[in-house]
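Novice: Task: produce atomic coordinates for the following.
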Amino acid sequence: MTSRSAPGAFHRVDSPANPIVKDLRALTAKKERDRTGLFLGEGLKLVRDALAAGFEVVDLIAAADSLEGPVGESAAEVKARGGRVLAVSHKVLEKLSRRDNPQTVIGVFKKRLAGAEEIGARGIWIGLERIRDPGNLGTIIRTADAAGAAGIVLIGECCDPFSLEAVRASMGSFFHVPLALAREEAFLAAARANGARLLGTHLSARRDFRQADYSPPLILLMGNERQGLTERLAAACDELLRIPMRGKADSLNLAIATGLFVYEALRQDQPL
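Specialist: Below you'll find the model as predicted:
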């Protein structure tokens, strides 16, 4: 990406063709996010949540006519922490958000991930194997935050949690819930090392998920939207559970199923 000016400097960018915009827009691609360790998030709430959670806000990009009041306060905090503030045109915001009616603030954040030593070490974690839909992922992160889950681990080839779509769907909860990434073998090793039990949902299970023991440390395992858990992860579970359905549907949306699962677990462990 292009070099940055001195920390705290103020920049005005009106043209979508500006090289700064080109660099920032490149962060909509996973390859560039992986290379730079940076990602985008849209909305003042996300920026404020990130600041409160101690994330590094590298850039605050705001409509030039909005840099007063709450936006101005957050911009001043970003500058005080060594970040950059860009006052931009609405055309630039549209270019970066890929939407015709974008919010007036976009943040650029430094990635932060939990380590293997944290996976399942305390409380109740959610394990998501090969989740593919960033909207589902963002919704699950938001639900995990609301329920008080200890963290989320993405297992195997998953959608990118740092995509604009996943971060947007989390509604700011992205910055409140520890997130880890692990290959299947590394995940199982971490779970064993941290003494976490594994409970998974599976179509072949006979026990109702409301009858399980959710004593932590625990990881609730959910599989791919279409295929569910792999045989290896299903076999590694201490117990497989089912979510009963009375109607004719043979499955639930992954985010809905995870929400039911985690709320039941947290209800038993720490009544809301």
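Novice: all helices for the stretch 1-150 of the chain, in order.
Specialist: Using DSSP state H, counting those that start in this stretch, the helices found in the stretch 1-150 of the chain span residues 19-25, 30-36, 44-52, 69-80, 90-97, 134-147.
Novice: Mind telling me which of those helices the model trusts least?
Specialist: Ranked by mean pLDDT, those bottom out at helix 90-97, with a mean of 89.
Novice: other SSEs contacting that helix?
Specialist: helix 19-25, strand 57-63, strand 105-110 (3 or more CB pairs under 8 Å, 6 or more residues apart in numbering; DSSP states H and E). (Glycine included, C-beta is placed from N, CA and C.)
Novice: TSV for the ones you listed, including mean neighbour count and distance to residue 149?
Specialist: Formatted as TSV, these follow (neighbours: other CB atoms under 10 Å; distance: least, CB to CB, whole Å):
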stretch	mean neighbour count	distance to residue 149
helix 19-25	18	32
strand 57-63	24	25
strand 105-110	24	21
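Novice: Mind checking the helices of the stretch 1-150 of the chain for the one nearest to residue 213?
Specialist: For those, the distance to residue 213 is smallest for helix 134-147, at 17.7 Å, taking CB to CB.
Novice: Parallel or antiparallel, list what pairs with the following helix or strand past the closest one.
Specialist: Per DSSP states H and E, the first helix or strand lying C-terminal to helix 134-147 is strand 151-155. Using DSSP bridges, strand 151-155 pairs in its sheet with strand 124-129 (parallel), strand 179-182 (parallel).
Novice: any weak-confidence spans in the protein?
Specialist: Residue ranges of the chain with pLDDT under 70: 1-9, 269-272.
Novice: Which residue lies nearest the spatial centre of it?
Specialist: residue 174 (4.2 Å; CA atoms, centre = their mean).
Novice: ok but that residue is inside a helix, no?
Specialist: Yes. Looking at residue 174 with DSSP: H, G, I helix; E, B strand; the rest coil, it is inside a helix.
Novice: was I right about it contacting residue 39?
Specialist: No. Using CB atoms under 8 Å, residue 174 makes no contact with residue 39, being 9.4 Å away.
Novice: quick one on the thing from earlier: residues in contact with the residue nearest to the centre of the chain?
Specialist: Contact analysis of residue 174 by CB atoms under 8 Å, 6 or more residues apart in numbering lists 41, 46, 49, 138, 141, 161, 166, 167.
Novice: Make JSON lines from those and add distance to residue 189 and neighbour count to it.
Specialist: Listed next are the contacts of residue 174 as JSON lines, based on distance: CB to CB, whole Å; neighbours: other CB atoms under 10 Å:
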{"residue": "41", "distance to residue 189": "32", "neighbour count": "25"}
{"residue": "46", "distance to residue 189": "33", "neighbour count": "26"}
{"residue": "49", "distance to residue 189": "32", "neighbour count": "21"}
{"residue": "138", "distance to residue 189": "28", "neighbour count": "23"}
{"residue": "141", "distance to residue 189": "24", "neighbour count": "28"}
{"residue": "161", "distance to residue 189": "21", "neighbour count": "22"}
{"residue": "166", "distance to residue 189": "26", "neighbour count": "25"}
{"residue": "167", "distance to residue 189": "29", "neighbour count": "28"}
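Novice: what about the closest residue to residue 70 other than its chain neighbours, neighbour count?
Specialist: Spatial nearest neighbour of residue 70, excluding adjacent residues (CB to CB, 6 or more residues apart in numbering): residue 44 at 6.3 Å. Each residue near residue 44 was counted by other CB atoms under 10 Å, and the total is 22.
Novice: Next, the contact list for residue 44, please.
Specialist: Residue 44 neighbours (CB under 8 Å, 6+ apart): 70, 71, 74, 103, 104, 105.
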